[in-house]
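Undergrad: could you look at this predicted model? Sequence included:
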Amino acid sequence: MNKFKKVSITVAILLLLSLQGCVKDSKQALFKTGDASAVELRSFQSRVFDTIDKLKTLKTVIATLQDLGFVIGKADNDVGVVSGSKYANRHSALMTVTVRNKNETQLLVRASVQQHLKAVEDAAIYQDFFIALEKAMFLKAHQVD
Amino acid sequence: MNKAHQNKSAEDEILAEDVLKLTSDSMILRQMQTRKYAISDQSKVIQSAVGLLQDDGFNIEEINSDLGVILGAKNREAVEAGQVAGAVIIAVIFGVSVPIDKEQKMSASIVVSEAPSDPNSTIMRVTFSRLVWNTANELSKAQRLENPEIYQTFFSKVSKSLFLTEQQI
């Protein structure tokens, strides 16, 4: 009996230890972001283009997403939003791109991506997108000051 | 096209860091998924595409005529004979039941735009994909459908459909 007790206590401790990595409340994910600050994230995700043709920019964004293997799910030119998803069995990604006026001569394009149940906060991944977009736009993508 | 076909299994092997990289396949896929039509009226092409999706039993889930975006989807059975046979064999030999594919949501995303160097022509690009759930209600597949025959079939229907639209019958 004594031995059984010892075993069950050990099991209980091991179980508690294994729970350490889990979150207390999964609802916290609502406002939880990763390690990057909001300012960093915006600089990864945003670029400025020297054009004010929003419709053409949105169309180019759509074509670029299609080239990257995304299925276009939603698009609205009044607000300037395009969303799509990229499927692959072991790897699916969701992406939203917004286009808005930055000033009288420039547009701001911002992309946000999630994959594997996490927001992408890797500057290099966003850079890949803007390289593809730049080529399709025939315009240089400027970093946001 | 053949290359895209051969790489059909490779599409599931995308690395997380390469998700937004253009690959050598990107252009092959673009070719396979795109056609140009000698018609300048984009709204006519959009109407044709919508009618065509309806013909094939798709629901229109999203449409934006300014951007030329149409998203259609349909839910269908996804039971395949091979899987059922496999599951039966496993059940007989090992006495356990394995989940098999049951339902799928198939999507068609169509984008209609003006041809870049030719304002009298309209370009249509379509991408098909599907999500499959098994009998345990788990998502078992999330695939882009990149089989050339699918696209050939679709575009031959578009040509017919455009002809029908032209004829106003």
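TA: Sure, I can see it. Residues are numbered from 1 along each chain as shown, chains lettered A, B, ... in the order given.

Undergrad: just checking, B:M124 touches B:L52?
TA: No - with contact defined as CB atoms under 8 Å, B:M124 and B:L52 do not form a contacting pair (10.4 Å). Using the backbone N, CA and C atoms, a C-beta is placed for each residue, glycine as well.

Undergrad: find residues that contact each of those two.
TA: Residues touching both B:M124 and B:L52 (CB atoms under 8 Å, 6 or more residues apart in numbering or on different chains): B:V158.

Undergrad: what's around A:A12, how many residues?
TA: 10 (other CB atoms under 10 Å in any protein chain shown).

Undergrad: how far does stretch A:81-98 sit from its chain's centre?
TA: Taking CA atoms, centre = their mean, to the nearest Å, one finds the center of stretch A:81-98 at 9 Å from the center of the full chain.

Undergrad: what pLDDT, on average, does that stretch get?
TA: Mean per-residue pLDDT for stretch A:81-98: 88.

Undergrad: can I get the lowest-mean-pLDDT helix or strand in chain A as CSV, trimmed to CA atoms?
TA: Lowest on mean pLDDT, DSSP states H and E among the helices and strands of chain A sits helix A:2-18, with a mean of 72. Output in CSV follows, covering the C-alpha atoms of helix A:2-18 (Å, rounded to 0.1, in the frame of the first residue of the first chain):
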residue,chain,number,x,y,z
ASN,A,2,2.8,2.3,1.0
LYS,A,3,4.6,1.5,-2.3
PHE,A,4,1.4,2.3,-4.2
LYS,A,5,1.1,5.6,-2.5
LYS,A,6,4.7,6.5,-3.4
VAL,A,7,4.1,5.6,-7.0
SER,A,8,0.9,7.7,-7.3
ILE,A,9,2.6,10.7,-5.7
THR,A,10,5.4,10.4,-8.2
VAL,A,11,3.0,10.1,-11.1
ALA,A,12,1.1,13.2,-9.8
ILE,A,13,4.3,15.2,-9.6
LEU,A,14,5.3,14.2,-13.1
LEU,A,15,1.9,15.1,-14.4
LEU,A,16,2.0,18.5,-12.8
LEU,A,17,5.5,19.1,-14.2
SER,A,18,4.3,18.2,-17.7
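
Undergrad: for the helix or strand following that helix, packing partners?
TA: Scanning forward in sequence from helix A:2-18 by DSSP states H and E, the next helix or strand is helix A:38-45. In terms of contacts (3 or more CB pairs under 8 Å, 6 or more residues apart in numbering or on different chains; DSSP states H and E), helix A:38-45 is packed against strand A:107-115, helix A:123-137.

Undergrad: chain center to the next helix or strand after the shortest one, what's the gap?
TA: The one in question is strand A:107-115. Moving toward the C-terminus from strand A:107-115, the next helix or strand (DSSP H and E) is strand A:118-119. Using CA atoms, centre = their mean, the mean C-alpha position of strand A:118-119 is found 6 Å from that of the whole chain.

Undergrad: now swap in stretch B:111-120 and tell me
TA: Using CA atoms, centre = their mean, the offset of stretch B:111-120 from its chain centre is 21 Å.

Undergrad: give me every residue that touches the closest residue in space to B:R30 that isn't next to it in sequence.
TA: What sits nearest to B:R30 in space, not counting adjacent residues and going by CB to CB, 6 or more residues apart in numbering or on different chains, is A:D67, at 5.9 Å. For A:D67, the contacting residues are A:A132, A:A136, B:L22, B:S26, B:M27, B:L29, B:R30, by CB under 8 Å, 6+ apart.

Undergrad: for B:S140, same thing?
TA: Taking CB under 8 Å, 6+ apart, one finds B:P99, B:D101, B:V132, B:W133, B:N134 in contact with B:S140.

Undergrad: return the subset of those lying in strands.
TA: Counted as lying in strands by DSSP state E, out of those, are B:D101, B:V132, B:W133, B:N134.

Undergrad: quick one: classify the nearest residue to the third one once chain neighbours are set aside as helix, strand or coil.
TA: Spatial nearest neighbour of B:W133, excluding adjacent residues (CB to CB, 6+ apart): B:E103 at 4.9 Å. Judged by DSSP: H, G, I helix; E, B strand; the rest coil, the three-state class of B:E103 is strand.
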